[in-house]
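Peer 1: Need a 3D model of the sequence below.
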Amino acid sequence: MAFTKEEILALVPQQPPFRFIDEIIDLDDEGIVATYTFKENESFYEGHFPGNPITPGVILLETMAQTGVVAYGLYLASKSMSLEEIQKTLTVFTDAEVEFTGMVRPGDKVIIKAQKLFFRRLKLKAQAEIRLENGEIVCSGTIAGIGVKSNG
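Peer 2: The predicted structure follows:
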């Protein structure tokens, strides 16, 4: 049985200060939608860039992956795996082809969307995007990952 949005969020292994999902607002077999607000005091703003803080692209990519590969992959896996099996599985990010078209600044709330392209044998590929609250697309592209047995 598939888990709820709240159960999936509780299973996401990334934790603050490196969790970039505040809330999952929509989740089904075709896709996921989540939100995150970049806090003014995120550690990476201090050096990227002093006096003109901008969220690094690699952090935006991580944000897309946490929603579109990790959280969504957990949901899809929960349809055929037990909680115990899922807890012994680590989601590994494997591939991305993403275009960056905008900037995210401290305090910006973003909406992260991912739609399943395929999911088979714990391998997931999704079309993902991040938008600002005003609808402006910040980045979009394909992301992928796979669930592997965890040693820990």
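Peer 1: What lies in contact with the least confident helix or strand in the chain by mean pLDDT?
Peer 2: Across the helices and strands of the chain, mean confidence by mean pLDDT, DSSP states H and E is lowest for helix 83-87: a mean of 93. By Cβ atoms under 8 Å, 6 or more residues apart in numbering, the surrounding residues in contact with helix 83-87 are 11, 74, 77-78. C-betas here are computed from N, CA, C, even on glycine.
Peer 1: In helices only, show me the residues you listed.
Peer 2: 11, 74, 77-78 (DSSP state H).
Peer 1: Let me know the closest of the contacts of helix 83-87 to residue 42.
Peer 2: residue 11 (23.5 Å; Cβ to Cβ).
Peer 1: Need the per-residue pLDDT for the closest one.
Peer 2: At residue 11, the model reports a pLDDT of 95.
Peer 1: Next: the one 3 residues further on.
Peer 2: Reported pLDDT at residue 14 in the predicted model: 96.
Peer 1: what's the answer for the one 3 residues further on, then?
Peer 2: In the predicted model, residue 17 carries a pLDDT score of 95.
Peer 1: State the distance from it to residue 44.
Peer 2: 10 Å (Cβ to Cβ, to the nearest Å).
Peer 1: just to revisit the earlier point, of all pairs in the ones in helices among the contacts of helix 83-87, which one spans the longest distance?
Peer 2: Maximum distance among the ones in helices among the contacts of helix 83-87 (Cβ to Cβ): 9.7 Å, for 11 and 77.
Peer 1: Longest helix of this protein, counting residues only.
Peer 2: Longest helix in the chain, counting by DSSP H: helix 57-65.
Peer 1: hmm, back to that, among the contacts of helix 83-87, which one has the most neighbours?
Peer 2: Highest neighbour count within the contacts of helix 83-87: residue 74, with 25 neighbours (other Cβ atoms under 10 Å).
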